[in-house]
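Colleague: Build me a model from this:
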Amino acid sequence: QTSVLHGLDGVEGKPWLDGNLEQPHRNYHTRKMKQAMRSLSLSAKSATLSDATIAMLERACTRLTTNASILDRHGDDESHHASVPPNAVLYPQTTEEVQAVVRVCAERRVPLIPFGAGTSLEGHIQAVHGGVSLDLSEMNSIIGISPDDMDCRVEAGVRRLQLNSELRAVGLHFPVDPGADASLGGMVACAAS
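Modeller: Below you'll find the predicted structure:
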């Protein structure tokens, strides 16, 4: 990995410094970072889950997929980074399923990446070390609203517009708006940036 990133801020790889070329396009470093991320992506894709691990994960949560297009979607967000997909995606619907998946991943030392709506800009959903994406979108229940306390209890997959639709009925509003219909779990994960 070091050799891929070497030279980003040094003289190497910057031919304009010898005076023969003009200053590079302002996206030079962005292109170099994308090349580095693609290189990391190739190494992440080589990490695989054993059949035994997949079987254990399927017992923990029956909604598991290794479909290539779904994997790619779960390794790509709104950032400029290249997609780095996980090895599998799970769709839990209960807290017990989440707990069981976390136990399997901890026991088998499999990286676990929570996934909300995929609207973030940070690149944190990328599976740079392979692993499992835990898509929490199906955990979208509003457990309770307490107007007197001006709070509510929600599952991680509840989205901003869904919550505001429910809050409107009791005269409340959730004002945080990161610019997308983000999930509340995702907002918590990255401070609604």
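
Colleague: where in the chain is pLDDT low?
Modeller: By pLDDT under 70, the low-scoring segments of the chain are 1-47, 193.

Colleague: So which residues of it form helices?
Modeller: Here the chain has its helices, by DSSP state H, at 2-5, 28-46, 51-60, 68-73, 95-108, 160-168, 184-189.

Colleague: Which positions in the last one come out as buried?
Modeller: When burial is assessed from 16 or more other CB atoms under 10 Å, helix 184-189 yields the following buried residues: 184-187, 189. Just so you know, the C-beta spots here come from the backbone N, C-alpha and C atoms, and that holds for glycine as well.

Colleague: cool, the fourth one as well?
Modeller: Residues of helix 68-73 classed as buried by neighbour count (16+ other CB under 10 Å): 70-71, 73.

Colleague: Out of the buried residues of helix 184-189, which is nearest to Gly157?
Modeller: Within the buried residues of helix 184-189, proximity to Gly157 (CB to CB) peaks at Gly185, which comes in at 6.4 Å.

Colleague: ok, that closest one - contacts?
Modeller: 114, 116, 136, 139, 155-158 (CB atoms under 8 Å, 6 or more residues apart in numbering).

Colleague: what's near enough to touch the residue nearest the centre of the chain?
Modeller: Note on the chain: the residue nearest the mean C-alpha position is Ile125, at 2.1 Å, using CA atoms, centre = their mean. If you count contacts by CB under 8 Å, 6+ apart, Ile125 has them with 74-77, 113, 115, 118, 133.
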